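*Asks:* Show me the folded form of this:
(one chain, ligands or ions: 1)
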Amino acid sequence: MPSLEEELFPSTPGKFKIDRAHTMNRQFNRCFASTSTMFLWALFLIALTASYLSFQSFVDSGSRYFTASWGGIQWEKQIRNSAQIHRSKGMSVLVTGAAGFVGSHVSLALKKRGDGVVGIDNFNNYYDPSLKKARKSLLNNQGIFIVEGDINDARLIAKLFDIVGFTHVMHLAAQAGVRYAMENPHSYVHSNIAGLVTLLEACKLANPQPSVVWASSSSVYGLNEKVPFSESDRTDQPASLYAATKKAGEEITHTYNHIYGLSVTGLRFFTVYGPFGRPDMAYFSFTRNILQGKPITIYRGKNRVDLARDFTYIDDIVKGCVGSLDTSGKSTGSGGKKRGPAPYRIFNLGNTSPVTVPTLVKILERHLRVKAKRNIVDMPGNGDVPFTHANISLAQRELGYKPTTDLETGLKKFVKWYLTYYGYNRGKAVH
Ligand SMILES: O=C(O)[C@H]1O[C@H](OP(=O)(O)OP(=O)(O)OC[C@H]2O[C@@H](n3ccc(=O)[nH]c3=O)[C@H](O)[C@@H]2O)[C@H](O)[C@@H](O)[C@@H]1O
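*Replies:* Residues are numbered from 1 along each chain as shown. Take a look at the predicted model:
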C-alpha cells in the first residue's frame, strides 16, 4: 500500500507528475498570488472611489444642502400656479419668511385680494418649527406655495425669478429677536446681512426688477431719547447686534437703490404681536408661563422705571405692508443697470401709544383669568432698550396707515387664538 508520502511523492515514473505537480503548484501559487493582488487592487480601487465620492459630497455639501428640496416640473408648476394673479392690475409677490409670523399674515392678505404669492422659508428651529408648518398649511389651503429654502441660496432665488417675473418682493425673512443675538451672533449676520445681499443681487439682475419692501425694525433707534421716534431721528447708536444688522440692512438697501435703481421701502416694525405670533416674544412666552403656573421675568429699567413698548397689532402691520407694496413705485434698472432714480423710503409702523410691560402682564392676567407669578429683575445688559414710541405721521401721509387696534383688544384676540390653538389644558400646554 503506498504510503502517503509515496502518493504525494510517487517514484521515478511519476517524476513528471512530481514536476507537473510542482509546476502546477507554482502556477497555482502565482495564480493565487495574482488573484489576491488583483483582489487587493480591487479593494484599493473601491476604497479610492468611495473616498472620492465622499470627498465630492463633502465639497458639494453646501449646495446640496440648499438644493436638496427643490426643482422638478411639478415644483415649477406649483410655483407658477401660486404666482398667478386673479385681479386686474394685481401684483405677483415673492414673500420671504412666508411661514413666519408677519410673512404668513401678509401672504394671506395679498392672496385674498387676488395677488399672486410665492413664499420662501427655511423653516429653521429658532422657535418651534411646528408653528411654522401650521402656518404653511394655512397658506397651502389658500393656494399659496411655500418653497422650502434659504435666501442665501443664490441659485434657488435666481431660479424663482426665472420661473416668475415677480413685480414685488416682500422681504420678511430674518433672524429676529433682540436678546438672542448675544447667544448666536452669526445667525444674524447670516440672515440679516448675507441673506439680504443674496436676495438683492437677484432683484438687481431680474428683468424687470421688482420693487422691494422689507422689514427693518424699531430697534434701529437704539439709545435715541427723542420721543416719539421719527424716521429722521438718529439711528447710529444700536443697543444690540440685531439692531445693528437691521441698520446695516437699511444702508445696504440704500446702495442697491442708488447704484442699480431698485425701488426700496424699509419698514420699522414696532413690537408686532397677535395670533400665530412668535413664541420667543414676551407677550407669547408670558401667556404660556402664566397658564402653566410658571413664573415670568419682568425686566425693569434704570431707577426702577418700567420698560415700555409701542406694541402693534398684526392686522395693522399687514395694512402697512400692503400699503407699502401698493405705493412702492417702480424700480428703474434692468439686468443690473440703473436707468434712472427709483424711490427709497423708510417708514415707522407702530401704534403710537406705548404700554409698559407690567401693564401688558395685567391685561394678559385679565384675559387669561389667571394670576401671574412675577419675578421682577433689573434689566440686564442684553441689548434691550427702555422704551419705544413711533411717530407714524409719514406712513399715515404716504401709505394711508392708521392703526386701529389697541393692546387690550389685540391681546384679547391673541389669547382667544392661543387657547384654541394650544387647547385649554392650562397645566399641560403642548409646547
Ligand atoms: O420692535 C422691534 O423692532 C422688535 O420687537 C421685538 O423686540 P422687543 O420689543 O424686545 O419684544 P419682546 O422680546 O417681546 O420684549 C418686549 C418687552 O418685554 C420685556 N421682556 C421680555 C422678555 C422677558 O422675559 N421679560 C421682559 O420683561 C423686554 O425687555 C421688552 O421691554 C421683536 O422681538 C423684534 O424682533 C423686533 O424687531
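*Asks:* burial of Tyr421, as a residue count?
*Replies:* 13 (other C-beta atoms under 10 Å). Bear in mind the C-beta positions are built from the backbone N, C-alpha and C, glycine included.
*Asks:* would you say it is within a strand?
*Replies:* No - counting by DSSP: H, G, I helix; E, B strand; the rest coil, Tyr421 is not part of a strand but helix.
*Asks:* who touches it in this structure?
*Replies:* Ala134, Pro275, Phe276 (C-beta atoms under 8 Å, 6 or more residues apart in numbering).
*Asks:* Equivalent analysis for Pro228, please.
*Replies:* Neighbours of Pro228 in contact, by C-beta under 8 Å, 6+ apart: Thr352, His389, Ala390, Asn391.
*Asks:* Of the contacts of Tyr421 - the most surrounded one?
*Replies:* So for the contacts of Tyr421 (other C-beta under 10 Å), the most neighbours sit at Phe276, 20 neighbours.
*Asks:* Any figure for the gap between it and Lys136?
*Replies:* 11 Å (C-beta to C-beta, to the nearest Å).
*Asks:* quick one: common contacting residues for the two?
*Replies:* Ser104.
*Asks:* can stretch 87-106 be found next to the ligand?
*Replies:* No - Stretch 87-106 lies apart from the ligand when judged by C-beta under 6 Å from any ligand atom; the minimum separation is 9.4 Å.
*Asks:* residues of that stretch that come out buried?
*Replies:* Residues 91-106 are the ones in stretch 87-106 that count as buried (16 or more other C-beta atoms under 10 Å).
*Asks:* and what of stretch 254-264?
*Replies:* Tyr256, Asn257, Tyr260, Gly261, Leu262, Ser263, Val264.
*Asks:* what about dumping the CA coordinates of it to CSV?
*Replies:* Output of stretch 254-264 as CSV, limited to C-alpha atoms (Å, rounded to 0.1, in the frame of the first residue of the first chain):
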residue,chain,number,x,y,z
HIS,A,254,-29.8,102.2,0.0
THR,A,255,-26.8,101.3,-2.1
TYR,A,256,-28.8,98.9,-4.2
ASN,A,257,-31.3,101.7,-4.7
HIS,A,258,-28.6,104.2,-5.6
ILE,A,259,-26.4,102.0,-7.9
TYR,A,260,-29.0,99.7,-9.5
GLY,A,261,-32.2,101.7,-9.4
LEU,A,262,-34.1,99.3,-7.1
SER,A,263,-37.2,100.7,-5.6
VAL,A,264,-36.8,100.1,-1.8
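*Asks:* tell me how far that stretch is from the chain's mean position?
*Replies:* Centroid separation between stretch 254-264 and its chain, computed with C-alpha atoms, centre = their mean, to the nearest Å, is 23 Å.
*Asks:* and what of stretch 217-233?
*Replies:* Using C-alpha atoms, centre = their mean, the offset of stretch 217-233 from its chain centre is 26 Å.
*Asks:* How about stretch 198-207?
*Replies:* Offset of stretch 198-207 from its chain centre (C-alpha atoms, centre = their mean): 18 Å.
*Asks:* Test my guess that Trp387 contacts Leu307.
*Replies:* You called it Trp, but residue 387 is Phe. Yes - using C-beta atoms under 8 Å, Phe387 is in contact with Leu307, at 6.6 Å.
*Asks:* residues shared between the contacts of those two?
*Replies:* Gly301.
*Asks:* Is the helix or strand containing Ile259 in proximity to the ligand?
*Replies:* Taking DSSP states H and E as the criterion, Ile259 maps to helix 241-260. No - between helix 241-260 and the ligand, judged by C-beta under 6 Å from any ligand atom, nothing touches; the nearest distance is 6.8 Å.
*Asks:* so where do the strands sit in this protein?
*Replies:* 92-96, 116-121, 145-148, 168-171, 211-217, 264-269, 272-273, 295-300, 308-309, 312-313, 344-349, 355-356, 373-378 (DSSP state E).
*Asks:* As CSV, those strands with mean pLDDT would be great.
*Replies:* Converted to CSV, the strands of the chain look like this (pLDDT from 0 to 100):
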stretch, mean pLDDT
strand 92-96, 99
strand 116-121, 98
strand 145-148, 98
strand 168-171, 99
strand 211-217, 98
strand 264-269, 99
strand 272-273, 98
strand 295-300, 98
strand 308-309, 98
strand 312-313, 99
strand 344-349, 99
strand 355-356, 98
strand 373-378, 97
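*Asks:* To Ser69, which of the ones you listed lies closest?
*Replies:* Evaluated with C-beta to C-beta, these place strand 145-148 nearest to Ser69, the distance being 4.8 Å.
*Asks:* Could you export the closest one as PDB, keeping only the C-alpha atoms?
*Replies:* Extracted in PDB, the C-alpha atoms of strand 145-148 (Å, rounded to 0.1, in the frame of the first residue of the first chain):
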ATOM      1  CA  PHE A 145     -47.000  77.600  -2.300                       C
ATOM      2  CA  ILE A 146     -44.000  78.000   0.100                       C
ATOM      3  CA  VAL A 147     -40.600  77.000  -1.300                       C
ATOM      4  CA  GLU A 148     -38.500  75.300   1.400                       C
END
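*Asks:* partners of that strand in the sheet?
*Replies:* Here strand 145-148 has these sheet partners by DSSP bridges: strand 116-121 (parallel).
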